[in-house]
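Chemist: predicted model and sequence follow; I will ask about them next.
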Amino acid sequence: MAAFATIQTQVQHGVMTITLNRPDALNTLNEPMSVELGTALRVAQRDDDVRCVVLTGAGRAFCAGQDLNELNAARSPGTVGPPTDVGAVLRQRYNPLVVRIRTMEKPVVAAVNGVAAGGGLSLALAADLRLCARSATFVIAFLRIGLVPDMAATLTLVQHLGYARAAALCLLGDPLTADEALRCGLVSRVADETDLPSVTRQMAEDLARAPTQAVGLTKRALNHAWAATLEEQLEYEAFLQTTASQAPDHREGVQAFLAKRKPRFSGR
């Protein structure tokens, strides 16, 4: 993979770790980062040797949202604030990233090593699983600059927390601590700062050893469930189960169970 300027990537034991790497700017999102992140995610999606993806940040932040200096520079000289059509920026740069993370048929884990604010929190919410350092904080900061939560944050927050808690976070802007995020189900694990890399690695490698095709089909089922009736979801699960049951990993799982040994899934 070509060298990147705003992210770093590493592949080890079936896990691609993508590190947002603008620590002096708290890993804020800008156009080069969106392009490079999209490239890395496409590579991860297509590479059969990659069976899990980890998103994390360099330095003391996961991601503090959009780089407002970049947005302000896009305005006409002498004006202050974001460009007129922020929606165009979302459609071109960031919405495709969210779609790829949510629809990639491999597990995506966000290891939140510090503050996740604005679009940075939206990015973490797009992942399938989140774990965080004990010092991490989560904040929807859009109203502070007169904008609306985006990158599907209004959907994922309601999915994770329910409407009332999501509305409180969006409208009041109070930050969540790591322990509060754990209690309300926003993250699945909290680790001390020094332990976060090893805890993340263990989770990611466990996921990389899982039956990757079945993981991808499970993501499809979960995404489908939010807009489905009971009858529609039952039929969709049956459809996906037909595909999963014909895969080599299903046969391996059954054989391992009957032989009372650990399965050795190939990802197929």
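Modeler: Yes, it's here.

Chemist: please make it C-alpha for all contacts and neighbour counts, starting now.
Modeler: OK.

Chemist: what's the helix or strand for residue 182?
Modeler: helix 178-183 (DSSP states H and E).

Chemist: tell me the mean pLDDT over the helix or strand just after that helix?
Modeler: Later in the chain than helix 178-183, the nearest helix or strand by DSSP H and E is strand 189-191. Confidence over strand 189-191 (mean pLDDT, whole number) is 97.

Chemist: list the neighbouring strands of strand 189-191 plus their orientation.
Modeler: Each strand paired with strand 189-191, and its direction, by DSSP bridges: strand 129-133 (parallel).

Chemist: report the rounded mean pLDDT for the strand it pairs with.
Modeler: Rounded mean pLDDT across strand 129-133 is 97.

Chemist: roughly how far is it from the heart of the chain?
Modeler: In terms of Cα atoms, centre = their mean, to the nearest Å, the centre of strand 129-133 is set 10 Å apart from its chain centre.

Chemist: what's the burial count for residue 211?
Modeler: 24 (other Cα atoms under 10 Å).

Chemist: hang on, I meant residue 193
Modeler: For residue 193, the tally of surrounding residues (other Cα under 10 Å) stands at 14.

Chemist: who touches it in this structure?
Modeler: By Cα atoms under 8 Å, 6 or more residues apart in numbering, the contact set of residue 193 is 113, 133-135.

Chemist: and it, helix, strand or coil?
Modeler: Following DSSP: H, G, I helix; E, B strand; the rest coil, the label given to residue 193 is coil.

Chemist: now do whatever helix or strand residue 198 lives in, average pLDDT.
Modeler: If you go by DSSP H and E, residue 198 is part of helix 196-208. Mean pLDDT, taken over the full extent of helix 196-208, equals 97.

Chemist: over to stretch 243-259?
Modeler: Mean pLDDT, stretch 243-259: 92.

Chemist: roughly how far out does that stretch sit from the chain middle?
Modeler: Here stretch 243-259 is found 29 Å from its chain centre; the criterion is Cα atoms, centre = their mean.

Chemist: got the contacts of residue 193 as a markdown table, with secondary structure columns?
Modeler: Formatted as a markdown table, the contacts of residue 193 follow (three-state DSSP):
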| residue | secondary structure |
| --- | --- |
| 113 | coil |
| 133 | strand |
| 134 | coil |
| 135 | coil |
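
Chemist: can you pick the most crowded of the residues you listed?
Modeler: Each of the contacts of residue 193 was scored for neighbours by other Cα under 10 Å, and residue 113 scores highest at 27 neighbours.

Chemist: which residues touch that residue?
Modeler: Contacts of residue 113 by Cα under 8 Å, 6+ apart are 56-57, 60-62, 132-133, 135-136, 193, 196.

Chemist: name the nearest of these relative to residue 9.
Modeler: Checking the contacts of residue 113 against residue 9 by Cα to Cα gives residue 56 as the nearest, at 10.4 Å.

Chemist: got the angle between the strand or helix carrying the closest one and strand 129-133?
Modeler: Using DSSP H and E, the element containing residue 56 is strand 52-57. Going by axes from the mean of the first three to the mean of the last three Cα atoms, to 10 degrees, strand 52-57 is angled at 40 degrees with respect to strand 129-133.

Chemist: after strand 52-57, which helix or strand is next?
Modeler: strand 61-63.

Chemist: what's that following strand in contact with?
Modeler: Strand 61-63 has contacts (Cα under 8 Å, 6+ apart) with 20, 23, 26-29, 56-57, 111-117, 119-121.
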